[in-house]
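A.B. asks: sequence? don't have it. structure:
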């Protein structure tokens, strides 16, 4: 959906540099000194076992949670309302407004400069919901609701699209549909940071993988390299299906 | 018991005959209380939404203050409005004392805190659900407030009903500022008070039954609208 020819927003956000990111909650260290640089406009999959800190990491990147210490910079700029304005996030459980499918998109478009029925219809068509535009959003199935949430995120024309296990509770058909949309967004030039604990999904969509273990980056590698020859013991154990304790 | 039986018959007779005096009193009651509810909602709903969305120093104290205003004694409100509108008062020049407008003002003051406090609670719960999504989408406080008011519209109908219920059943404030003048400021509750004072208990009770039927009718209509609309939007 993006006209992606290297806009100012991209220059504003990439590379994403994270230095010494730590977050402690009630005496428990949840993010433990994360250092990472993401520079390419592709799909970075953040993987790890439950409790590794994946979702929290994403929320901190998006500015929804303040880190305890460390530095996040988007092309040299700290997290701010301006950097968040150029990002969008899709949550595991979509929170849709109590109004029609079309009105959910209109709400975002209106907040971002004004109603635009043509763009709204294009977005709904892109996610396969145009025929349900007038239905109440909350009457959609789980997969359809998540597709609407993705369309709403894309309505902000984000440079960086963050997705927190968006297919965790969806059936295979809905998962395939979301994955196709994500790949399409990547191909249109949007940077995607996608959290999942589904190894099969990571194999299908990842260009690079960040593997978190106990709040630390255990491994950061291109996808093919990560799946062929994981360098960390934690990643090897995870990919082999062993329990990470 | 005889009074009750007589009252029911009388109430039925008044309703069946569409008694002109009764219709005038009921009409004025509805006009005053619905107007006060409309004004209180126009003030109270945005204020409640703003309190639900914003965080500022002293917010807790303000909430305690607003909540405590829900228990304002109607007679005290009536007295304050009387002092403001009386000829010697700061707004005496407007000549509003003993008019329906004065009664609307008094009832508005009485129910606005109710609308603010209840809508704040309803919308704060809704905001808790939406807040992270709004923040992610960079939705500003004005757009967020509008969205909460719209998405919470069915729950807010109940808030408006609570305000209307308090207004239409209130007697102390309207009798002080309205004066219970026949064909001018006489409403259901003040008429009931007058007939009771005159010892005409059956008529007073009949008027009470009519008032109750009106309140039940309005509640039933609003509830029906709310259920139909919310089922259509799966709110």
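C.D. replies: Nice, thanks for sending it over. Bear in mind that the values here come from a model prediction, so they are computed numbers and not experimental data.
A.B. asks: Are we agreed that residue A:242 is in a helix?
C.D. replies: No. Checked against DSSP: H, G, I helix; E, B strand; the rest coil, residue A:242 lies outside a helix; its state is coil.
A.B. asks: Give the burial count for it, as a bare number.
C.D. replies: 10 (other Cβ atoms under 10 Å in any protein chain shown). For every residue, glycine as well, the C-beta is placed using N, CA and C.
A.B. asks: And for residue A:72?
C.D. replies: Applying other Cβ under 10 Å, I find that residue A:72 has 20 neighbouring residues.
A.B. asks: what about it, distance to residue B:168?
C.D. replies: 57 Å (Cβ to Cβ, to the nearest Å).
A.B. asks: cool, residue A:102 as well?
C.D. replies: 39 Å.
A.B. asks: Likewise for residue B:46?
C.D. replies: Taking Cβ to Cβ, one finds residue B:46 at 23 Å from residue B:168.
A.B. asks: Pick out whichever of these two has more residues nearby.
C.D. replies: Remark: of residue B:46 and residue B:168, residue B:168 carries more neighbours, 23 against 15, as counted by other Cβ under 10 Å.
A.B. asks: The more buried one against residue B:188, yeah?
C.D. replies: Yes. Between residue B:168 and residue B:188 there is a contact under Cβ atoms under 8 Å: 7.4 Å.
A.B. asks: Find residues that contact each of the two.
C.D. replies: B:29, B:211, B:214 (Cβ atoms under 8 Å, 6 or more residues apart in numbering or on different chains).
A.B. asks: quick one: low-confidence ranges for chain B?
C.D. replies: Residue ranges of chain B with pLDDT under 70: B:1-3, B:229-235.
A.B. asks: go with 90
C.D. replies: Within chain B, the segments meeting pLDDT under 90 span B:1-23, B:54-55, B:138, B:140-141, B:153-155, B:158, B:195-196, B:199-235.
A.B. asks: I'd like the distance between the residue of it positioned farthest from its centre and chain A.
C.D. replies: Of all residues in chain B, residue B:136 has its C-alpha farthest from the mean position, at 37.4 Å, by Cα atoms, centre = their mean. In this view, residue B:136 and chain A are 5 Å apart by Cβ to the nearest Cβ, to the nearest Å.
A.B. asks: Contact residues of chain A facing chain B?
C.D. replies: Proximity of chain A to chain B, by Cβ under 8 Å from any Cβ of the partner chain, involves residues A:62-64, A:81, A:84-85, A:87-89, A:91, A:95, A:97-100, A:107-108, A:110-111, A:136, A:138-139, A:152, A:156.
A.B. asks: And the helices in chain B?
C.D. replies: For chain B, helices defined by DSSP state H occupy the ranges B:2-16, B:20-53, B:59-69, B:74-85, B:100-136, B:141-151, B:153-168, B:172-178, B:188-197, B:201-233.
A.B. asks: Deepest in the core, which of these is it.
C.D. replies: Comparing the helices of chain B by mean neighbour count (mean count of other Cβ atoms under 10 Å in any protein chain shown), helix B:172-178 ranks first with a mean of 26.
A.B. asks: any idea how far the lengthiest helix in chain A is from the chain center?
C.D. replies: As assigned by DSSP H, the longest helix anywhere in chain A is helix A:172-187. Offset of helix A:172-187 from its chain centre (Cα atoms, centre = their mean, to the nearest Å): 12 Å.
A.B. asks: Please apply the same query to stretch B:25-44.
C.D. replies: That offset, for stretch B:25-44, works out to 6 Å (Cα atoms, centre = their mean).
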